[in-house]
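what's the 3D shape of this:
(one chain, ligands or ions: 2)
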Amino acid sequence: MKPFDAVKRFRIEDGKDFRLSSIDPGDTLGLDIDKDDAKEMLAAGIKRLRKLQERLYAEGKWSLLIVLQAMDAAGKDSAIEHVMSGINPQGCDVRSFKAPSPAELRHDFLWRTTRALPERGRIGIFNRSYYEEVLVVRVHKNLLAAQMLPPGLVHDEIWQERFEDIRTFENHLARSGTVVLKFFLHVSKEEQKKRFLDRIEDPDKHWKFNAGDVAEREHWDDYMNAYEDMIRHTATETTPWHVVPADSKWFSRLVIATAIVEKLEAIDPKFPEMDAAAIRAMQDARETLTAGKKSSKT
Ligand code: ATP
Ligand code: MG
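Numbering: from 1, shown residues only. Ligands and ions are numbered 1, 2, ... in the order given. Here you go, the predicted model:
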């Protein structure tokens, strides 16, 4: 199994008929991390990523926005850690979006994320994003009430309107040179329970445990419905969703790293070409430097 085939399997370019049940959170496409080839694939992906990022940065034209959405304990943080291990931190920004502050609530729902978009040449990672506006806010309607919207603008169609706003926004980004890569880390309810219990049992993981996450599990079905509807309305050819099986952390990292590599390869950023004057200046500099070296020895 080539890793590129894996990405294609989980990429949704036309959400219209998408069903979450079509992707099994436990799927690893028959790959096994204990086999050397899976490990090699992971390591090779990260190595390739490092080289591509250097070219993206040097060219300074495109930017890459990686959006990560998931239920708690699906492995967003460790996926970020893993992908980051492959790239130069100077060309990358990670932003986490939690419950909005009062100041953020005084703006439109795309404001805070827009301010955090990556500059040309850089990779931006959104740990949660504007998609929370059609997920947690849809599941907990009281959050919508707290957004201080004029009453006439809050109606049943608001989710459809937000999907439309997001599609338009992402099209705008694509037309401006920001490539958006979206990942939903699809973990099963059973695996989430296992990971929460693990956090309780292991003192080194206590800091990760949050009783609120257990309460949020009560809304599991509502979240799954919201995710499915979100993907149906916002997975397009230009900005597809990747629905990544996340019960095996190594597998989700492999799919994410491979999808990023594949996208950067398609962008194919180039080192800037030197003009004749710049090449001449470099040759002069070499002569100066080597002459200096000789004279310092003598
Ligand atoms: P971790 O638990 O690994 O630290 P996290 O992303 O779950 O990472 P938390 O501080 O636990 O971080 O949770 C952030 C919370 O903020 C989530 O429950 C998320 O749904 C919520 N949130 C994010 N964006 C919004 C939003 N626009 N409106 C309301 N709540 C939001
Ligand atoms: Mg959390």
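
which one is Arg162 nearest to, not counting chain neighbours?
Leaving out its chain neighbours, the residue that sits closest to Arg162 by Cβ to Cβ, 6 or more residues apart in numbering is Val134, at 5.2 Å. The C-beta positions use only the backbone N, C-alpha and C, and glycine is treated the same way.

now do the contacts for that neighbour.
Residues in contact with Val134 (Cβ atoms under 8 Å, 6 or more residues apart in numbering) are Trp159, Arg162, Phe163, Ile166, Ala226, Asp229, Met230.

and the fourth one, how far from ligand 1?
When you say that, I think you mean Ile166. In this view, Ile166 and ligand 1 are 13 Å apart by Cβ to the nearest ligand atom, to the nearest Å.

neighbours around the closest residue to that residue other than its chain neighbours, how many?
Among residues not flanking Ile166 along the chain, Thr234 sits closest, at 5.5 Å (Cβ to Cβ, 6+ apart). Using other Cβ atoms under 10 Å, Thr234 is surrounded by 21 other residues.

OK, contacts around Thr234?
If you count contacts by Cβ under 8 Å, 6+ apart, then Thr234 has Gly15, Tyr131, Phe163, Ile166, Arg167, Glu170, Lys182, Trp241 around it.

for the stretch 151-298 of the chain, which residue gets nearest to ligand 1?
Asn210 (5.6 Å; Cβ to the nearest ligand atom).

my guess is that residue meets Asp72, correct?
Yes: counting by Cβ atoms under 8 Å, Asn210 touches Asp72, with 7.4 Å between them.

higher neighbour count, those two?
Counting neighbours by other Cβ under 10 Å for Asn210 and for Asp72 shows that Asp72 has the greater number, 16 against 13.

can you verify Gly152 is assigned to a helix?
Yes: Gly152: assigned to a helix according to DSSP: H, G, I helix; E, B strand; the rest coil.

kindly provide the distance from the residue nearest to Arg162 to Glu265.
Per Cβ to Cβ, to the nearest Å, Val134 is found 31 Å from Glu265.

next one: Phe163
From Phe163 to Glu265 the distance is 30 Å (Cβ to Cβ).

neighbour count: the two, which is higher?
Taking other Cβ under 10 Å, Phe163 and Glu265 do not tie; Phe163 has more neighbours (17 against 12).

per-residue pLDDT, the more buried one?
Phe163 is assigned 98 on the pLDDT scale.

which strand or helix spans it?
Element membership for Phe163, per DSSP states H and E: helix 158-176.

residues of that helix that come out buried?
Within helix 158-176, the residues that count as buried by 16 or more other Cβ atoms under 10 Å are Ile158, Trp159, Arg162, Phe163, Asp165, Ile166, Arg167, Phe169, Glu170, Leu173.

stretch 81-92 now?
Neighbour-count burial for stretch 81-92 [16+ other Cβ under 10 Å]: His82, Val83, Met84, Gly86, Ile87, Gly91, Cys92.

distance of the third one from Ala73?
Taking Cβ to Cβ as the measure, Met84 and Ala73 are separated by 19 Å.

same check, this time on the fifth one
The gap separating Ile87 from Ala73 is 25 Å, by Cβ to Cβ.

what do you get for the last one?
With distances defined as Cβ to Cβ, the gap from Cys92 to Ala73 amounts to 24 Å.

tell me the residues of this structure that contact ligand 1?
72, 77, 96-100, 127-128, 132-133, 136-137, 143, 210 (Cβ under 6 Å from any ligand atom).

apply 8 Å and report the result again.
72-73, 76-77, 96-100, 109, 127-128, 130, 132-133, 135-137, 140, 143, 208, 210, 212-213, 216 (Cβ under 8 Å from any ligand atom).

picking that back up, just flag the most distant two among the contacts of Val134.
Put simply, by Cβ to Cβ the two of the contacts of Val134 set farthest apart are Ile166 and Ala226, 13.5 Å from each other.

so which of the buried residues of helix 158-176 would you say is closest to Arg11?
Nearest to Arg11 among the buried residues of helix 158-176, with distances taken as Cβ to Cβ, is Glu170, at 15.2 Å.

Thr178 reaches Pro118, doesn't it?
Yes: using Cβ under 8 Å, Thr178 is in contact with Pro118, at 7.0 Å.

give the intersection of the neighbour lists for these two.
Ser63, Leu64, Leu65.

ok, and the most crowded of those residues?
Within the shared contacts of Thr178 and Pro118, neighbour counts (other Cβ under 10 Å) peak at Leu64, which reaches 25 neighbours.

what score does it have for pLDDT?
98.

packing partners for the helix or strand bottoming out on mean pLDDT in the chain?
Least confident element among the helices and strands of the chain, by mean pLDDT, DSSP states H and E: helix 3-10 (a mean of 80). Judged by 3 or more Cβ pairs under 8 Å, 6 or more residues apart in numbering; DSSP states H and E, the packing partners of helix 3-10 are strand 241-245, helix 249-267.

okay then, goodbye and thanks.
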